[in-house]
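Peer 1: Just a sequence and a predicted model for now, questions to come.
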Amino acid sequence: MSSRYILALDQGTTSSRAIVFDRAGNIVSLAQKEFRQIYPQPGWVEHDPREIWGTQAGVAAEAVASAGLSGKDIAAIGITNQRETTIVWDRETGQPVYNAIVWQDRRTAAFCDELKHSGHEAMIREKTGLPIDAYFSASKIRWILHNVPGALARAQAGKLAFGTVDSWLVWHFTQGSVHVTDVSNASRTMLFNINTLAWDEDLLRLFEIPASMLPRAGSSSEIYGHTADNLFGGAIPVAGIAGDQQSALFGQQCTTPGMVKNTYGTGCFLMMNTGDAPITSRNNLLSTVAWQVGGKVQYALEGSIFSGGAVVKWLRDGLRLIRTSSEIDSLARSVPDTDGLYLVPAFAGLGAPHWNQDARGALFGATLGTSAGHIARAALESIAWQTRDVVRAMEADAGVPMPELRVDGGATVNNLLLQFQADILGIDVVRPRITETTALGAAYLAGLAVGYWHDLSDVAGQWQLEHRFAPAMPADDVARRVAGWQRAVRASIAWADD
Ligand SMILES: Nc1ncnc2c1ncn2[C@@H]1O[C@H](COP(=O)(O)OP(=O)(O)O)[C@@H](O)[C@H]1O
Ligand SMILES: O=P(O)(O)OC[C@H](O)CO
């Protein structure tokens, strides 16, 4: 094969990124652009789908050009994306009928509560691996169809298409000729049966969603189509798709059962590879499709934390305590500890393992001595505390302690966070040399589909340790702080449930 590189597109919640990788898995170039977060009402979060496409296409072109390359140097494109975020568009014009409703959006919480009360929970969990929650796409699609004038009728007439962000991007890269998703993204819609790997008619009926709106659910590694000639000056195969968390699991090479990673982005998402069958969590985690590669499906257990790095963004853009995200480090280090302050960042409710749609952010333990430094430190620690709750749930499901935690994502540049994480988990936290593992996973998926890499053994040596954080905090200190965190979470849930 003459082409020498893979282009991976990582369409995240806060930014669109494009990375060119070489055959050794090294980053050759990277371009990134943040885009607008739209908050029309408390608890609502939207993106403009045209900005998603515009920023993603823009950084893709920039990454290729800045490496001095052109389209013919790219063997394949892999796409990975924020999951669940819901876009509905007109098949003919390609125009969205509404903004993208983002995974964090809570507007359908009341409808989801009704579904729970009418006894659908067990059936939905059995088919989809998911608890009923506004997080997933189904209730968001239904909201659009019921709230955009004329949308339901147009959908019933076959005129509208639904897609998660991957589908939206492929549609545009192929100028409307390919409407596809992969099984990992499909498994987040709450319309997809993860046992049969097919859209589920009962669920489509329950959510009143016409089947004609849905994309084909393909594997995670195949040629779905080619980019239109005008985009990169030549057709490039789009050959890999996976939800960003599944892609990070693949990029971290957690390809055998029992391996776990945590990605610290806007949210935090822990995933454990569970092999070739979904396992039902007894501890409020969800089961999901990890990927389908070469006809082989693998599943994962997931603990989804809604607000991870988002707390840092909140300190920056909401509270304006810091000007740049990296400033949180020095601000947090300006105090030796939080002095008993806890932040429960339930800005979008609480995900795993609590699943409380109505919980909201809370600070506990503030005194007149509380400074910006204490808030910064409590914010960073809240990311680690939530991760600890999920790790314990995962260990309970697996029946064995976790040996170590592989980490990646934007917030893992923060050593203070990762040291605290190791301290309160009591296990090593391991950061690889390449923390852009989300994009790397998509690159692997695309490269495998076009024979750029033949199989996983071609990339096996590419995972390399950059830093190992070992636990150092005395056990009684950890126990005292754990008790404080647990009280804070209980209090914030009690406030929501009152
Ligand atoms: N130095 C830092 N310390 C802690 N968090 C950080 C730091 N720099 C960035 N972040 C956080 O990392 C997140 C961005 O990570 P990224 O993996 O790009 O997320 P996403 O894919 O969700 O957009 C943001 O929420 C940001 O607040
Ligand atoms: O954009 P990220 O990295 O925060 O990931 C978002 C998740 O896929 C939502 O489920």
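Peer 2: Alright, I've got the coordinates. Residues are numbered from 1 along each chain as shown. Ligands and ions are numbered 1, 2, ... in the order given.
Peer 1: going forward, measure contacts between C-alpha atoms and count neighbours the same way
Peer 2: Will do.
Peer 1: Quick one: the helices in the stretch 301-450 of the chain, in order.
Peer 2: Taking DSSP state H, counting those that start in this stretch to define them, one finds helices in the stretch 301-450 of the chain at 310-313, 327-333, 372-398, 415-425, 437-449.
Peer 1: sec struct for Trp485, please.
Peer 2: On the three-state scheme (DSSP: H, G, I helix; E, B strand; the rest coil), Trp485 is labelled helix.
Peer 1: OK, contacts around it?
Peer 2: Trp485 is in contact with 342, 385, counting by C-alpha atoms under 8 Å, 6 or more residues apart in numbering.
Peer 1: correct me, but Asp229 touches Ala235?
Peer 2: Yes - Asp229 lies in contact with Ala235 (C-alpha atoms under 8 Å); the separation is 5.1 Å.
Peer 1: what about those two, which has more around it?
Peer 2: Ala235 (19 against 14; other C-alpha atoms under 10 Å).
Peer 1: From ligand 2, how far out is the more buried one?
Peer 2: For Ala235, the distance to ligand 2 equals 28 Å [C-alpha to the nearest ligand atom, to the nearest Å].
Peer 1: dump the residue contacts of that residue.
Peer 2: Applying C-alpha under 8 Å, 6+ apart, the residues near Ala235 are 71, 226-229.
Peer 1: repeat that for 10 Å
Peer 2: Listed by C-alpha atoms under 10 Å, 6 or more residues apart in numbering, the contact partners of Ala235 are 71-72, 74, 76, 173-174, 225-229.
Peer 1: Residue of the stretch 101-250 of the chain closest to ligand 2, please.
Peer 2: Asp244 (5.3 Å; C-alpha to the nearest ligand atom).
Peer 1: Contact residues of the stretch 101-250 of the chain facing ligand 2?
Peer 2: Proximity of the stretch 101-250 of the chain to ligand 2, by C-alpha under 6 Å from any ligand atom, involves residues 103, 244-245.
Peer 1: What is the nearest of the residues you listed to Lys261?
Peer 2: Gln245 (9.1 Å; C-alpha to C-alpha).
Peer 1: Which strand or helix spans the closest one?
Peer 2: helix 244-251 (DSSP states H and E).
Peer 1: Now do that helix, average pLDDT.
Peer 2: Averaged over helix 244-251, pLDDT sits at 96.
Peer 1: how far out from the middle of the chain is that helix?
Peer 2: Put simply, helix 244-251 sits 9 Å off its chain's centre (C-alpha atoms, centre = their mean, to the nearest Å).
Peer 1: That one and ligand 1, are they touching?
Peer 2: No - using C-alpha under 6 Å from any ligand atom, helix 244-251 stays clear of ligand 1, coming no nearer than 7.9 Å.
Peer 1: Report the backbone C-alpha coordinates of the very next helix or strand once past that helix in PDB.
Peer 2: Note on helix 244-251: by DSSP H and E, the next helix or strand toward the C-terminus is strand 260-264. Extracted in PDB, the C-alpha atoms of strand 260-264 (Å, rounded to 0.1, in the frame of the first residue of the first chain):
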ATOM      1  CA  VAL A 260     -10.000  -1.500  32.000                       C
ATOM      2  CA  LYS A 261      -9.500   2.100  31.000                       C
ATOM      3  CA  ASN A 262     -10.800   5.500  32.200                       C
ATOM      4  CA  THR A 263     -11.000   8.500  29.900                       C
ATOM      5  CA  TYR A 264     -11.000  11.900  31.600                       C
END
